[in-house]
Structures are given as C-alpha cells and as structure tokens.
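Asks: the following block contains a protein sequence and its predicted model.
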Amino acid sequence: MKLKFGIFFSVFALILGPMGSQTTAAQEDASDFLAAADRAMGASNLNSLHISGAGWYAPLGQNFSPEEHWARLNLQSYDLTIDYEAGATREELVVTQGDYPSRGGGFQPIVGERRTLRFLNGNDAWGVNPGGQLSAQPDQAEVRQFLIATSPHGFIKAAMESDDATVTERYFVATDRMIKVVGFTTMEKYRVTGEFDENNMLERVITWIPNPVMGDMQYEIRYSDYRDLGDSIMFPFRYHAHQGDQFLLPMNFARNWMDYRVAEAEVNIDFDLHVPEEVAGFEPQPVNVIATEVADGVWHMTGSNAHSVAIEFRDFITVIEAPTSDERSYAVIAEIKRVIPDKPIRYLVTTHHHFDHIGGIRNYVAEGATIVTHEDNEEFFLRVVFSTQSRVLSPDRLHLYPFATTGPTPLRLETMTDRHAISDGSRTLMLFHLPDIDHAATMLVAYLPTEKILTHADLYSPPPAGGPAPDRIRDREIELYRAVQRWGLDIETHVPIHGRTGPNADFERIVGPAAMQQTAAAGGGGG
C-alpha cells in the first residue's frame, strides 16, 4: 500500500496545431476567408444531409487500463441525418464485436449487434437504447446542437454567424505547408478552431466539450477524401475523431474515438423529425437517491443505473463508488449525511477507472475524503482526474471550491496492489484486486466479513429472487466465482453497484455450474 499526500498537477492546455506548428501571421477578420471556404465547400447550398457508412467506434472512458487507448468495437453501420435549418439530427449506430478483442467496457463482449438511436430537434433530445426503450435526454441537447456546428459545413455556417471569428496562418511541419486556421466562439461558450488546406477545404476541427472526469475535454475531428455531391457541395468521405487527448506526458497519446468511411451521401433531402409526446417539454427530474439499509450501518444508495454503498464505522464513513456525475455525488453525499449524521466521509473506494464509475469522484475529494484505488490508477488520477485541468464549461464542486495548489493540501490518495483493509477495530472492510478479467485491469471487490456482504461492479447482477439463470454466463462472473473460493470468503449477500441486492445462494446456483463446466472442459484444475 502506498500513500500520496497533496499532489496536484497543473495542466496548461495550449493547442498549437499539428506537430511543431507555429503562428506566422497576426489574427485578422475571417469574413473574406470564410466566404471563399463557403464557395469551395458549398456550405450555403447545403440545407440538409444524409450519410451512411461503416468503420470502428471506441466507447469513451471504457479502456481496459488507464494507459491504453479506448477499446475499439466494430461499427457495422453508421447513419446520420442533419437538418441545418431546423437544428435537427438523427444518428444510428449499429455496433458489433467484430474482430476486435473483448477487452474493456462498453458492454463487451457484444453478442450479435447493439443498435442505438440518438435524436435532436431544436432543444429536445432523446434516444432509443439497444433494448428499444425510448428516453428523453435533455442533458444531451446542447452537446448535440454543438456537434452540428462541428460538422464540415456546420462549422462554416456557425463561423459565418459568429461575431468573433478570426483567421490566421500556421506552418504545418509534417507536410511543410501553410494552412489557414479559423477560430470562433459558438453558443456563447464553446471555442472552436478549424484548419483549412490550400483548396479551402476543412481538414480538422479542434474544440472542447464538458466531461465529468476530464473537465474541458479536447475533441478533435479530421475530415478527408472530399468528393463532389453536386450543387457545388463538396463533402468528406472519411471521418476520424479523438476524444480526451489532453493527457500530460508520459500519457500523451491519441485517444482514438471513432473512424468511418462514408458509403453513400445525399444532400438537401426532406427530413421531418417528429418529437415524441413523452419528450416534448420534458422537465428533468431531481437526482433520486434511495437509501436502503442492507445490514446494520450498511446502506445501498440506489435510484439510478449505478449505485454507491455507504458503510458506517465508529467515527467515520466509507463510501464505495462515485458514479456518473458531480450532481449525482452531491445528492448521494447529502443522503448519506442524513442517514449517518455527524460523521465525516473519510474514504471513497472506487472499484475501477471506467468513467461511468468515477464521474462523481472529484466531489469526494472536495469533501476531504481519501480516495482508495488500485495502484494502476494512480498516474491517471493525479495527472488528469484531480488535476487543475480547465473545467469552465461545466464546473464541478472541486473546481468551484478548489484546494490550494502550493504546500500541503487535503488531497489524499491511497493505492493498493492485491489486498487492502479499512478498519476501526470493530468493523473491517476488505478490498481485493480481481485480476484475469477482460473488463478492467484495475478492478477491486469489497467484502464485509462480519456482515458477509460482497460489493462489486460490472461483474455479476443478481436476478430477481429465485429467478432463472441468464442464457449466457460471462467469463468475468466465473472469475469472480473462482476468486471468492480462492480468497475463502463466506458470503451471504451481493450488494452490487449495478442492479439489485441478491443472495449468494443464487450466485452459487447460477455461476457455479458454468465455472465447473469450464474447468472440466479445460481438463480440471479448478478452484
């Protein structure tokens, strides 16, 4: 176990363009250049667009380990429609495992295909998940509106409408040429830059979008292989994008997010997108937290897709998991203080590094808690998650009420390798590293020996009491079963981060036979 005190790394994000470029001319009004780019690309002639293609897709924040690229999946088909005048979009992604290894999150391994639909019409955003369930997504409206402005022709339209667009020249070392760079602010908050080639075609867009883990996260899109679609409209048939490239060395490498080639493109089509009744005028509901005491002083904090567990010790509280967002953590912390009053939250245990499980972790740092995690998360947490990276697009509690960055600070990070314990002399929480699973290299499992409770994330979801076994038992469930036997844990109840609580008898009944069958198929060995 290693203990780190008060380490904050400052991040100064300076976008200099591709590999060693430098500004060679002062900024100037961009109207003349944008008019030329508009003529070259035909942005003013484009009212609506439909494209379809295929490639690969990498779910953000779901890499196997913090130092790896986002885990890729096969993008079997990608279908996008944009109505620029109405501010409406329809986006459909069909994702399969393809030839990519099942390594990381993003619902891997994918059996068959996963189809996701995303919609925007003005200020209304909604989606249809792979299970066919429609849901309003008001928190996605602004980002989807912004993504219209970063499309090739949307960039020119938005820049021409802005009142602060400027243009400068920059030398591109990699190809020994000068490029034009346009910068402007759109939607009163997003700063966008675009790089144009000698033919006034948009080659690359760089901007920032809010992310609860990475703050103002760098978003880069590259456009190439322009083709003539008629009506003087040129459109790129190759799209490549990164998200989250602002890592400090030695973690500074491209975080490839999406790549596809357009197979078909249509312009100025009829596109009438109807807003479903359950979406129109939808008002976001307050964050819902339901505190259920599963044992004396042990609370399952549910109410969303991802949960937390609060454990009362003699003079402090330990929380397992800070999922989704700062807003979620605010509500969970408030509820914890209600059910366990007058005690500080001293520890926050995170099961692994995936973004849906650490989106609210900075709130616990602001609370003064010590973060307990696997040692392989240390560099990522210190250099990125807890750094002073800009967060002006969506400021969180730690950004609004920061600690001093000189001298001793309240930030404490405890890292572990195989085993670790948190105890007050009477109650003990044991933490185990679960190796040999394909989901996350940093996975921890938490165990309360007196209460015989096991807490874990993304490993096993208890069915309704006595419910049937699922059609497929995943390898990670079998690895959890074997690890429990290897560790010699006496378990009565599973209290997961996803899903409901459930008896260990169901876990034994469902996973045990699959584990024994796999062992037998491998020629014995077991345990």
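Replies: Now that the structure is in, tell me what you want to look at. Numbering: from 1, shown residues only.
Asks: can you pull out the helices in the stretch 301-450 of the chain?
Replies: 326-339, 355-358, 361-367, 378-380, 397-400 (DSSP state H, counting those that start in this stretch).
Asks: report the mean confidence score over the shortest one.
Replies: Confidence over helix 378-380, taken as the mean pLDDT, stands at 92.
Asks: try the third one
Replies: Model confidence over helix 361-367 averages 95 on the pLDDT scale.
Asks: what's in contact with that helix?
Replies: Residues external to helix 361-367 that are found in contact with it (CB atoms under 8 Å, 6 or more residues apart in numbering): 212-213, 319, 322, 326, 329-330, 333, 345, 348, 350, 371, 385-386, 396-399, 401, 411. C-beta coordinates here come from the backbone N, C-alpha and C atoms, glycine included.
Asks: now the second one
Replies: The set of residues external to helix 355-358 that reach it, using CB under 8 Å, 6+ apart, is 60-62, 105, 211-213, 306, 321-324, 350-351, 385, 457, 497.
Asks: write the ChimeraX selection for whichever of the contacts of helix 361-367 are buried.
Replies: Typed into ChimeraX, the next command selects the buried ones out of these (criterion: 16 or more other CB atoms under 10 Å):
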select :212,213,319,322,326,329,330,333,345,348,350,371,385,386,396,397,398,399,411
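Asks: phi first, then psi, for Glu188.
Replies: As for Glu188, its main-chain torsions (degrees, to the nearest 10) stand at phi 70, psi 10.
Asks: any idea how far it lies from Phe146?
Replies: Per CB to CB, to the nearest Å, Glu188 is found 11 Å from Phe146.
Asks: before we move on, back to that, for the helices of the stretch 301-450 of the chain, give me TSV that also has distance to Arg115.
Replies: As requested, the helices of the stretch 301-450 of the chain are exported to TSV (distance: least, CB to CB, whole Å):
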stretch	distance to Arg115
helix 326-339	27
helix 355-358	20
helix 361-367	31
helix 378-380	32
helix 397-400	36
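Asks: out of those, nearest to Gly42?
Replies: Checking those against Gly42 by CB to CB gives helix 355-358 as the closest, at 37.9 Å.
Asks: give me the buried positions along the closest one.
Replies: Buried residues in helix 355-358 (16+ other CB under 10 Å): Phe355, Asp356, His357, Ile358.
Asks: ok, those vs Met430, which is closest?
Replies: Nearest to Met430 among the buried residues of helix 355-358 is His357, at 19.5 Å by CB to CB.
Asks: show me the shaky parts of the stretch 251-400 of the chain.
Replies: Across the stretch 251-400 of the chain, residues meeting the criterion (pLDDT under 70) sit at 251-253.
Asks: show me the helices in the protein, by range?
Replies: Remark: helices assigned in the chain by DSSP state H are 31-41, 141-149, 152-161, 326-339, 355-358, 361-367, 378-380, 397-400, 475-487, 504-521.
Asks: neighbour count: Glu188 and Phe146, which is higher?
Replies: When neighbours are counted by other CB atoms under 10 Å, Phe146 comes out ahead of the other of Glu188 and Phe146, with 19 against 5.
Asks: for the more buried one, which non-adjacent residue is closest in space?
Replies: Spatial nearest neighbour of Phe146, chain neighbours left out: Tyr190 (5.5 Å); criterion: CB to CB, 6 or more residues apart in numbering.
Asks: wait, what's in contact with the one you found?
Replies: Residues near Tyr190 by CB under 8 Å, 6+ apart: Phe146, Ala149, Thr207, Trp208, Ile209, Leu393.
Asks: I'd like those as a markdown table, with distance to Thr168 appended.
Replies: Written out in a markdown table, the entries for the contacts of Tyr190 read as follows (distance: CB to CB, whole Å):
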| residue | distance to Thr168 |
| --- | --- |
| Phe146 | 23 |
| Ala149 | 20 |
| Thr207 | 17 |
| Trp208 | 19 |
| Ile209 | 23 |
| Leu393 | 24 |
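Asks: from those residues, list the buried ones, please.
Replies: Members of those classed as buried by 16+ other CB under 10 Å are Phe146, Ala149, Thr207, Trp208, Ile209, Leu393.
Asks: residues touching the fourth one, list them.
Replies: Each residue near Trp208 by CB under 8 Å, 6+ apart is listed here: Ala13, Tyr190, Arg191, Asp216, Met217, Gln218, Tyr219, Ser390, Leu393.
Asks: go again with 6 Å.
Replies: Remark: with contacts taken as CB atoms under 6 Å, 6 or more residues apart in numbering, Trp208 is in contact with Asp216, Gln218.
Asks: poorly predicted segments of this protein, please.
Replies: Applying pLDDT under 70 to the chain flags residues 1-28, 246-253, 404-410, 524-527.
Asks: domains for it, by residue range?
Replies: When the chain is parsed with automatic domain parsing, its domains come out as 15-267, 290-521.
Asks: who's the nearest residue to Trp299 once chain neighbours are set aside bridged to?
Replies: Spatial nearest neighbour of Trp299, excluding adjacent residues (CB to CB, 6+ apart): Ala310 at 4.4 Å. When bridges are assigned using DSSP bridges, the partners listed for Ala310 are Trp299, Val319.
Asks: any idea how far Ala310 lies from Ala366?
Replies: Noted for Ala310: a distance of 17 Å to Ala366, by CB to CB.
Asks: count of residues packed around the closest residue to Ala36 other than its chain neighbours?
Replies: Counting by CB to CB, 6+ apart, the nearest residue to Ala36 once its immediate chain neighbours are dropped is Asn200, at 5.3 Å. Under the neighbour criterion other CB under 10 Å, Asn200 is assigned a count of 18.
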